[in-house]
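1. 3D model of this:
(one chain, ligands or ions: 1)
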Amino acid sequence: MSPRGLVLIKMAKKSVIARALKKPKFSSRIVRRCFRCGRKNGFMRDFGLCRICFREYANEGMIPGIKKSSW
Ligand SMILES: [Zn+2]
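-> So this is what the prediction gives:
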């Protein structure tokens, strides 16, 4: 892992994450969260990661088939 992976990430509060795991009464209340840091915004469904964790994993080559584009 790169040194950046060791940097402490500001994580969502335990209570907030627990609430997100509960099945809500209305479908519009579903909150999808990054499994690594718990971030709810900038979430990418294809990977289950937020944009920040996606970038870090992608730069380390931990996501198969993902390559930084350059042209
Ligand atoms: Zn994340």
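2. how far away is residue 50 from residue 32?
-> For residue 50, the distance to residue 32 equals 10 Å [C-beta to C-beta, to the nearest Å]. Where you see a C-beta, it was placed from the backbone N, CA and C, and this is true even at glycine.
3. More neighbours: which of the two?
-> Legend: neighbour count by other C-beta atoms under 10 Å for residue 50 and residue 32, higher for residue 50 (23 against 12).
4. Pop out the phi and psi values for the more buried one.
-> The phi/psi pair for residue 50 (degrees, to the nearest 10) reads phi -80, psi 170.
5. Make 17 the starting number, not 1.
-> Shifting the count to begin at 17 puts that one at residue 66.
6. any idea how far it lies from residue 35?
-> Noted for residue 66: a distance of 18 Å to residue 35, by C-beta to C-beta.
7. burial count for residue 59?
-> Other residues lying near residue 59 total 18 when counted by other C-beta under 10 Å.
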